[in-house]
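Student: how does the following fold in three dimensions:
(chains A and B)
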Amino acid sequence: MNRRRVRFWAGRVAHMALVVLGIAVVNFFLLHLAPGDAAQVLAGEAGSATPEYMAALRRQFGLDQPLPVQFVQYLANLLTFNLGFSFRHGLPVLELIGQRLPATLLLMVASIGFAVLAGSALGVVAARNAGRLLDTAISTLALLFYATPVFWIGLVLVVVFSVGLDWLPVGGMTSVEAGYTGVAYAKDVARHLVLPAATLGLFYLAIYTRLMRAAMLEVTTQDFIRTAVAKGLKPRRIALRHVLRNALLPVVTMLGVQVGSILGGAVLVETIFAWPGLGRLAFEALFQRDLNLLLGILLCSSAVVVIVNLAVDLLYTVLDPRIELAR
Amino acid sequence: MSLAEPLAAAATAQRPARRGLSARLLRKPSAVAGLVLLSAILAMAALADVVYPLDPLDMVGTPFLWPGADPDFPLGTDMMGRDIASGVFHGARVSLLIGAVATLMSLVIGVGVGAVAGFFRGRADHLLMHVTELFQTIPPFLFAIVIVAILQPTMTTVVVAIGLTSWPSLARLVRAEVLRLRDGEMVQASIVLGLSDARIILTHVLPNVMAPIVVSASIMVASAILTESSLAFLGLGDPNIVSWGSMVGAGREVLRTDWYVATVPGLAIVAAVLALNLLGDGLNDALDPRQNRR
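Tutor: Okay, here's the model as predicted:
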């Protein structure tokens, strides 16, 4: 049993390494697709580096070498966590990403938490009232959110809650001038978090509502539910303990599938709300044509996706003991 | 309408197979709403040059006219005095065109990869599924941003970026369906008959996978429109073309005072995406033989 488990995770990790290698290949290819040679891309802009530095860069990345050698060199740099240097920010790319990643993770967790909790709740309510007016209302609302562009939701929320009602801050992560510490600081961040998290979460809320509704209806038809009904359990208890727990599986699967898309949505949301995360960094890199930084962000975001998917696999075995680890 | 409904019902009763599809689709109110909405947007795209022959990027009126303030500009003008209604009409053309062509590209890649992987199995399947997983791991929108940023934003690069990043889930779907059909009697019989692999895939396998592909396609056009507008919002659109996303992006600067500039094109995006999703849902129900007709 234990041996099987070790073998399974070893396989998963090996697989992960393969995926990361693949992403590195794609990144390398993109780097060479850019106009001009890679040294110019790496230097951010042709004008912002001295000729000596460009020559050094070319030597460091072996740009006078044939392509396969360059690729090996590139991989060696990656393995030593060298993603290059951003001249615009005057910092190594990895350090920049490390500074910005926590804000994005906070935003991701908040928005996903909101989407899963609210979406599942709405889905459960809709499923238990299937075919009635409440179900139609919830399904219509979900469809509307699903069709609305993230950036537009963000702008509308800003107009209503920040400009119109003046309840919440327009953007940023903290009120710098207030100089809060401790609990006050956490509260301040939370206030800044509400609108960005809601914006990013509303789109996914729609997905989870639809998914949860379908899963609940599907699970209800299964044998063990009939058994539970026959045992005389109360409908509420059946819905929560038997149906919900099993309906959670597709929700967890969806979580793994959605991480990548959420990271993409974060670019839009962070741009609108000036949230100091990875997405905003990507937007800045885009405008400063700092392609190397942009590629570094792409690589690290992909790594986040890989790690989250590993965590999802783990969660899956906890939720459903029937799932065998070994393949 | 009241005359058409019994007729459609009669058609279903007589010919349950092919004719039934449109009848079943028309019986779902949400699918009809989607069709009507989509037709309206298609008409807007088709008539853009007739109704608004001028370039939508031209200054034609006083800036910041609110919707309804001047009958000449029913949806108002933006900060540069451009007619918002004209932009919405011409933007419909851009959004639908980019959505359709990008989806076509995804369809070719996704169906190709899925069909080959599912039909040949073994090593080809292994390799193609690894590539698919790779493309699924890289965050698609970020990937699209990087592609457009590197290749410079034009209509073509936007289409390529969206097409290249949105095929993996379709490939998986097609592969699963093909794997199922592969062991069926029909394909086995074709192999015995000595038909070539290409012929079996094209004439026997793919026609039977059409239903889920059609459903996916309508949803994919919807998400391609969302992606295009998001790219344009970030300033990664073709600078010489008016698109709904770029209009929202431009309106953002005057959000505090003149929020209608960003709101109107945003509503157009919602309408288009909603229409395609409704149609996709309707097609899904109508094409699924297991679903009871309700």
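
Student: tell me how many other residues crowd A:Val93.
Tutor: By the measure other Cβ atoms under 10 Å in any protein chain shown, the count of residues near A:Val93 is 26. Placement of C-beta: from N, CA and C, glycine included.

Student: that one contacts A:Gly84, doesn't it?
Tutor: Yes: assessed by Cβ atoms under 8 Å, A:Val93 is found in contact with A:Gly84 at 5.1 Å.

Student: shared neighbours, these two?
Tutor: Common neighbours of A:Val93 and A:Gly84 (criterion: Cβ atoms under 8 Å, 6 or more residues apart in numbering or on different chains): A:Asn292, A:Leu293, A:Gly296.

Student: tell me the SS of A:Pro68?
Tutor: helix (DSSP: H, G, I helix; E, B strand; the rest coil).

Student: so for it, what's the pLDDT?
Tutor: On pLDDT, A:Pro68 comes in at 75.

Student: could you check how many residues crowd around it?
Tutor: A:Pro68: 8 surrounding residues under other Cβ under 10 Å.

Student: what do you get for B:Val261?
Tutor: Around B:Val261 there are 29 residues (other Cβ under 10 Å).

Student: that one and B:Arg82, how far apart?
Tutor: Distance of B:Val261 to B:Arg82, given as Cβ to Cβ, to the nearest Å: 10 Å.

Student: also B:Ala286?
Tutor: Distance from B:Ala286 to B:Arg82, by Cβ to Cβ: 41 Å.

Student: one more: B:Leu179?
Tutor: 52 Å.

Student: repeat that for A:Phe28.
Tutor: Distance, A:Phe28 to B:Arg82, using Cβ to Cβ: 43 Å.

Student: over to A:Leu249?
Tutor: 50 Å.

Student: looking at these two, which one has more neighbours?
Tutor: Between A:Leu249 and B:Arg82, counted using other Cβ under 10 Å, the more crowded position is B:Arg82 (24 against 16).

Student: quick check: the more buried one touching B:Pro56?
Tutor: Yes: under the criterion of Cβ under 8 Å, B:Arg82 is in contact with B:Pro56, at a separation of 6.4 Å.

Student: distance from the chain centre to the helix or strand hosting A:Asp313, please.
Tutor: In the assignment (DSSP states H and E), A:Asp313 maps to helix A:291-319. Put simply, helix A:291-319 sits 8 Å off its chain's centre (Cα atoms, centre = their mean, to the nearest Å).

Student: and the pLDDT for B:Pro6?
Tutor: 39.

Student: I meant B:Thr165, not that one.
Tutor: For B:Thr165, the predicted pLDDT is 90.

Student: check B:Arg293 too.
Tutor: 42.

Student: who's in contact with the nearest residue to B:Ser229 once chain neighbours are set aside?
Tutor: Closest residue to B:Ser229 apart from its sequence neighbours, by Cβ to Cβ, 6 or more residues apart in numbering or on different chains: B:Gly245 at 3.0 Å. Counting by Cβ under 8 Å, 6+ apart, B:Gly245 makes contact with A:Pro149, B:Glu228, B:Ser229, B:Ser230, B:Leu231, B:Ala232, B:Phe233, B:Gly237, B:Pro265, B:Ile269.

Student: which non-adjacent residue is nearest the residue of the stretch 101-250 of chain B found nearest chain A?
Tutor: The minimum distance from the stretch 101-250 of chain B to chain A, using Cβ to the nearest Cβ, falls at B:Phe141 (2.6 Å). Among residues not flanking B:Phe141 along the chain, A:Gly264 sits closest, at 2.6 Å (Cβ to Cβ, 6+ apart).

Student: which helices and strands sit right next to the helix or strand where that neighbour lies?
Tutor: Using DSSP H and E, A:Gly264 maps to helix A:245-273. Contact analysis of helix A:245-273 by 3 or more Cβ pairs under 8 Å, 6 or more residues apart in numbering or on different chains; DSSP states H and E lists helix A:93-128, helix A:150-157, helix A:182-220, helix A:278-287, helix A:291-319, helix B:122-137, helix B:140-151 as its packing neighbours.

Student: what about that helix, distance to the chain center?
Tutor: For helix A:245-273, the distance to the chain centre is 6 Å (Cα atoms, centre = their mean).

Student: state the distance from A:Glu95 to A:Cys300.
Tutor: With Cβ to Cβ as the criterion, A:Glu95 and A:Cys300 are 12 Å apart.

Student: those two - which one has more neighbours?
Tutor: For the pair A:Glu95 and A:Cys300, the greater number of neighbours falls to A:Cys300 (20 against 13), based on other Cβ under 10 Å.

Student: nearest residue to the more buried one other than its sequence neighbours?
Tutor: Closest to A:Cys300 by Cβ to Cβ, 6+ apart is A:Ile97, at 5.1 Å.

Student: in the helix or strand hosting B:Asp49, which residues are buried?
Tutor: Element membership of B:Asp49 [criterion: DSSP H and E] is helix B:29-51. Residues of helix B:29-51 classed as buried by neighbour count (16 or more other Cβ atoms under 10 Å in any protein chain shown): B:Ser30, B:Ala31, B:Val32, B:Gly34, B:Leu35, B:Leu37, B:Leu38, B:Ile41, B:Met44, B:Ala45, B:Ala48.

Student: nearest to chain A, out of these: which one, please.
Tutor: Distances from chain A to the buried residues of helix B:29-51, taken by Cβ to the nearest Cβ, are shortest for B:Ser30, at 8.2 Å.

Student: how close does that closest one sit to B:Ser95?
Tutor: Counting by Cβ to Cβ - B:Ser30 and B:Ser95 are separated by 22 Å.

Student: now swap in B:Tyr260 and tell me
Tutor: 20 Å.

Student: more neighbours, those two?
Tutor: A side-by-side neighbour count of B:Tyr260 and B:Ser95, using other Cβ under 10 Å, places B:Ser95 first with 27 against 19.

Student: for the more buried one, which non-adjacent residue is spatially closest?
Tutor: Using Cβ to Cβ, 6+ apart, the nearest residue to B:Ser95 is B:Ile225, at 4.9 Å.

Student: between the helix holding A:Asp313 and helix A:93-128, how many degrees?
Tutor: 40 degrees (axes from the mean of the first three to the mean of the last three Cα atoms, to 10 degrees).

Student: now do stretch B:44-62: everything it contacts.
Tutor: Contacts for stretch B:44-62 (Cβ under 8 Å, 6+ apart): B:70, B:72-73, B:77, B:80-83, B:85-93, B:96-97, B:240, B:242.

Student: in CSV, list the C-alpha atoms belonging to that stretch.
Tutor: C-alpha atoms of stretch B:44-62 as CSV (Å, rounded to 0.1, in the frame of the first residue of the first chain):
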residue,chain,number,x,y,z
MET,B,44,-25.5,44.5,-37.5
ALA,B,45,-22.2,43.2,-38.8
ALA,B,46,-23.6,42.7,-42.3
LEU,B,47,-25.2,46.2,-42.4
ALA,B,48,-22.4,48.1,-40.7
ASP,B,49,-21.2,49.7,-44.0
VAL,B,50,-24.7,50.5,-45.2
VAL,B,51,-25.9,52.1,-41.9
TYR,B,52,-22.7,53.7,-41.0
PRO,B,53,-20.6,54.2,-44.1
LEU,B,54,-18.1,56.5,-42.4
ASP,B,55,-15.0,55.1,-40.6
PRO,B,56,-16.0,54.6,-37.0
LEU,B,57,-12.7,56.0,-35.9
ASP,B,58,-13.6,59.4,-37.4
MET,B,59,-14.7,62.3,-35.3
VAL,B,60,-18.3,63.1,-36.4
GLY,B,61,-19.9,65.0,-33.6
THR,B,62,-19.5,66.9,-30.3
